[in-house]
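Undergrad: just coords:
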């Protein structure tokens, strides 16, 4: 039901100008870059923190688990807060939070403190995806959202490149400088976001407020099956990535007998494919529909099997690795698509489904490690092909949301959602 305390529309609710929309998107791009810097610092700074705190390999690796646990909780919790209280203030809080959390790394003096710091960082960064998606979905029409998602994906990827370059330039002097460089800009960006996004606008919140616990609406009987299938699909994606990419360096050095330098070069080719694929698949999803991108997962499955079966050839490894990296990015459309599958007042909460799959990814190293011990590393990595294939089938079984690709009549709005509300996508049909 519509909240009776909802303020009446004001001038702030007027349509945003093109210049304002572009400015907000530019700020989102900067935010995505800074988010990527903060998130990936857990891997880049691991050897320095391990040396500074005298950590074991297991302890050093567990910092990522702490950050991932925080991200899962943050995605679910913060997405709901944004739908309930407005995305503008929540986004500013998130950006401030991950900036402060990264700077808190300057004060870490023990292993427990490091775990707490990384959990807090994960908590805030976990909310970036669902809240950011719900904002740019309201900024741009359906036919632009895929390309927008691809551009933001590139910003995240380029942050990894920048972090690596900064490490090479500054790591030998004082690695703490990387925390300053990544932690201070978000504090400024948070203020910019508050200025750019008008309070009460459609970008900030929808006219219908979500329930006190918006996530409950995702499990209404009319959409429960869809929600569970989508969560399984994202989980299979995370599992497949961990099963294959997580073991790739080990496979190339131990099984194929290549040097660490060569293995790193081959991984870089997959990373290059990832950046290019984000743009290509974003365009494809806007041109051919959201479900079309499922073909990327099917091709990725084949590429994995080919990679594991072909003879040791650096040229072939580069080509197939580039294809795999590019195909994997077909999921770049998931953010807008998940938001489009549910009513606008649930968009942040719906987009958070993407991170629910991390629950499955927590078990991926254990499962693939068991398979590797019993059947060999090649067989364990091949399980990624099955995971991506299954995810593609679930993807194809869901409904299309791009208007021109929809022939069926509008889907009825679940009773748990305001009965007077009709999704904008359905209203156009």
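TA: In hand now; what should we look at? Since we're looking at a predicted model, the values are computed, not measured. Numbering: from 1, shown residues only.

Undergrad: distance of residue 195 relative to residue 205?
TA: 17 Å (Cβ to Cβ, to the nearest Å). (Each C-beta comes from the backbone N, C-alpha and C, glycine too.)

Undergrad: ok, those two, which is more surrounded?
TA: Legend: neighbour count by other Cβ atoms under 10 Å for residue 195 and residue 205, higher for residue 205 (27 against 10).

Undergrad: check that one and give its pLDDT.
TA: At residue 205, the model reports a pLDDT of 72.

Undergrad: check residue 138 too.
TA: On the pLDDT scale, residue 138 is placed at 85.

Undergrad: quick check on it: phi, psi?
TA: phi -90, psi -10 (degrees, to the nearest 10).

Undergrad: these two touch, right, residue 214 and residue 80?
TA: Yes - Residue 214 is within contact range of residue 80, at 4.7 Å (criterion: Cβ atoms under 8 Å).

Undergrad: which neighbours do the two share?
TA: Common neighbours of residue 214 and residue 80, using Cβ atoms under 8 Å, 6 or more residues apart in numbering, are 348-349.

Undergrad: do you know how far the closest residue to residue 186 other than its chain neighbours is from residue 184?
TA: Take residue 186 and drop its neighbours on the chain: the residue closest to it by Cβ to Cβ, 6 or more residues apart in numbering is residue 99, 3.1 Å away. Separation of residue 99 from residue 184 (Cβ to Cβ): 7 Å.

Undergrad: compare the two (neighbour count), which wins?
TA: residue 99 (23 against 14).

Undergrad: distance check, that one against residue 80.
TA: Following Cβ to Cβ, the distance that separates residue 99 from residue 80 is 22 Å.

Undergrad: kindly report the same for residue 241.
TA: Distance from residue 241 to residue 80, by Cβ to Cβ: 26 Å.

Undergrad: which one's more surrounded, these two?
TA: Set side by side, residue 241 and residue 80 show more neighbours around residue 80, with 25 against 19, by other Cβ under 10 Å.

Undergrad: what's the helix or strand for that one?
TA: Here residue 80, judged by DSSP states H and E, is contained in helix 57-85.

Undergrad: give the other helices and strands that that helix contacts.
TA: When contacts are defined as 3 or more Cβ pairs under 8 Å, 6 or more residues apart in numbering; DSSP states H and E, helix 57-85 packs onto helix 18-44, helix 46-53, helix 87-103, helix 111-125, helix 128-139, helix 347-351, helix 353-356, helix 358-361.
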